[in-house]
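Enquirer: next come a sequence and a model predicted from it.
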Amino acid sequence: MSSKSHLTFTRLQRETVILRGQSHSAGPMIQIENLSVRYPSGTVGLEPTSTTFSGSEITILLGLSGAGKSTLLRSLNRLVAPAAGRVCVEGFGDLADRSVLRRHRRATAMIFQQHQLI
């Protein structure tokens with residue numbers, strides 16, 4: 001495994017920042033279990049990764065270029081299909097189920113890095 005494939009998750013407790021919007025439970029909102037991505041060319045886009053994202057935290061995703069940050073984020077909405085693992089979202093379930101994925105996509109949004117090109 002090269003140093004480029006290393007992702008770092010830094011968590012800040014909600015009490016340390018002022019947030020606007022709806023409060024969520026302290027339990028995991030998104031749970032990722034052994035999620036990995038391999039592109040058709042054979043390139044590993046994301047090494048097996050497991051973590052949770054809680055409504056009571058702000059998570060900062062850090063990594064070098066090519067570490068898999070964007071791939072991980074796109075996998076959360078299955079814009080990139082994982083080779084293995086699963087993503088479960090509170091109130092929806094496992095996103096591998098197409099009907100669950102459709103409901104999840106209707107309730108969430110993504111803003112892309114180069115949004116001005118869309």
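Expert: Structure received.

Enquirer: wait, residue 51 touches residue 32, no?
Expert: Yes. Between residue 51 and residue 32 there is a contact at 5.3 Å, judged by CB atoms under 8 Å. For every residue, glycine as well, the C-beta is placed using N, CA and C.

Enquirer: out of the two, which sits in the busier spot?
Expert: residue 32 (21 against 16; other CB atoms under 10 Å).

Enquirer: run through the bridge partners of that one.
Expert: residue 51, residue 87 (DSSP bridges).

Enquirer: that one contacts residue 59, correct?
Expert: No. In this structure residue 32 lies outside contact range of residue 59 using CB under 8 Å: 11.3 Å.

Enquirer: show me where this structure has helices.
Expert: Along the chain, counting by DSSP state H, helices occupy 69-75, 98-107.

Enquirer: and the last one, average pLDDT?
Expert: Read that as helix 98-107. The average pLDDT for helix 98-107 rounds to 92.

Enquirer: now do stretch 32-47
Expert: 92.

Enquirer: chain center to it, what's the gap?
Expert: Taking the mean of its C-alpha atoms, stretch 32-47 sits 13 Å from the chain's own mean (CA atoms, centre = their mean, to the nearest Å).

Enquirer: next one: stretch 34-53
Expert: 11 Å.

Enquirer: for stretch 70-84, same thing?
Expert: With CA atoms, centre = their mean, you get 7 Å for stretch 70-84.

Enquirer: same thing with stretch 71-85?
Expert: With CA atoms, centre = their mean, you get 7 Å for stretch 71-85.

Enquirer: what sits closest to residue 38 if chain neighbours are left out?
Expert: residue 83 (4.3 Å; CB to CB, 6 or more residues apart in numbering).

Enquirer: neighbours of the one you found, how many?
Expert: Neighbours around residue 83, by other CB under 10 Å: 14.

Enquirer: strands along this protein, start to end?
Expert: Secondary structure of the chain, counting by DSSP state E: strands at 8-13, 28-38, 44-54, 57-62, 84-89, 93-94.
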